[in-house]
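Undergrad: what follows is a protein structure lacking sequence information:
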């Protein structure tokens, strides 16, 4: 195998793993949120750890941090794929998406420090801002990448639209609903689950369209780059 072929194979393998990470992270996140919805409450609903006890909250946050890391891998795969042509805008927006998703990992972990506090305590608000900032950066980056992807049409339109749909959905649906009803509410679980499914679909797109077969099948879609 010549060096160029080895490099292409290595890149394809890396992107595939990133895509699989997004799918696994989404599935685990949905299962974790479903568990929180059905578990018997151990504390009053005004506590941050609700419905879990402060002790049980620690392993759950570690689990959720893992799911965020896997979801972040999917975003890394998206940014490193050929969904858009290399450009300054693509680098900036891709960087925002990746940094934002990575910030959500410590954003989950830092909440462990205030697990015994009331949900509306100032310390909880400060700790939650880490996840909030990460989510905002990721949503801005994903939305921008999606706009560029639709303009360039390097991927088939339904797949290219996924980053834009996910970014807008999280900005204007997930965030407002979660603030209004709390992360443990039914409505929040539903919209967060939808966002997880969209992220999993991005993982599917990265796997399918970054493979040699996927690259051949979308040759027509990429002809506009010539």
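TA: Yes, it's here. Predicted model, so just to flag it, every value in this text is computed and none were measured.
Undergrad: so who does the residue nearest in space to the middle of the chain touch?
TA: Of all residues in the chain, the one closest to the mean position by CA atoms, centre = their mean is residue 71, 4.4 Å from it. By CB atoms under 8 Å, 6 or more residues apart in numbering, the contact list for residue 71 reads 21-22, 25-26, 29, 101, 104, 196, 199. For the C-beta atoms, the positions are set from N, CA and C on the backbone; glycine is no exception.
Undergrad: which one of these sits closest to residue 121?
TA: residue 104 (20.9 Å; CB to CB).
Undergrad: where does the closest one land in three-state SS?
TA: helix (DSSP: H, G, I helix; E, B strand; the rest coil).
Undergrad: which residues does residue 120 contact?
TA: Neighbouring residues of residue 120 by CB under 8 Å, 6+ apart: residue 46.
Undergrad: what strand or helix carries it?
TA: Following DSSP states H and E, there is no helix or strand that holds residue 120.
Undergrad: check which helix or strand the residue nearest to the centre of the chain maps to.
TA: helix 54-80.
Undergrad: quick one: that helix to chain centroid distance?
TA: 9 Å (CA atoms, centre = their mean, to the nearest Å).
Undergrad: what about the helices in this structure?
TA: 3-38, 54-80, 88-109, 122-152, 157-160, 162-169, 175-181, 186-210, 212-217, 219-222 (DSSP state H).
Undergrad: could I get these as CSV with mean pLDDT and distance to residue 46?
TA: Formatted as CSV, these follow (pLDDT from 0 to 100; distance: least, CB to CB, whole Å):
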stretch, mean pLDDT, distance to residue 46
helix 3-38, 90, 16
helix 54-80, 97, 14
helix 88-109, 97, 21
helix 122-152, 96, 11
helix 157-160, 96, 43
helix 162-169, 98, 29
helix 175-181, 89, 14
helix 186-210, 94, 16
helix 212-217, 47, 49
helix 219-222, 49, 52
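Undergrad: of those, which stretch is the most buried?
TA: Greatest average neighbour count among those goes to helix 162-169 (a mean of 22), per mean count of other CB atoms under 10 Å.
Undergrad: got a list of what residue 14 touches?
TA: Neighbours of residue 14 in contact, by CB under 8 Å, 6+ apart: 77, 80.
Undergrad: change the start of the numbering to 186 and stick with it
TA: Got it, the first residue is 186 from now on, which makes the last one we talked about residue 199.
Undergrad: who's in contact with stretch 201-218?
TA: Here stretch 201-218 has contacts from 245, 248-249, 251-263, 265, 374, 377-378, 381-382, 384-385, 387-392, 395-396, using CB under 8 Å, 6+ apart.
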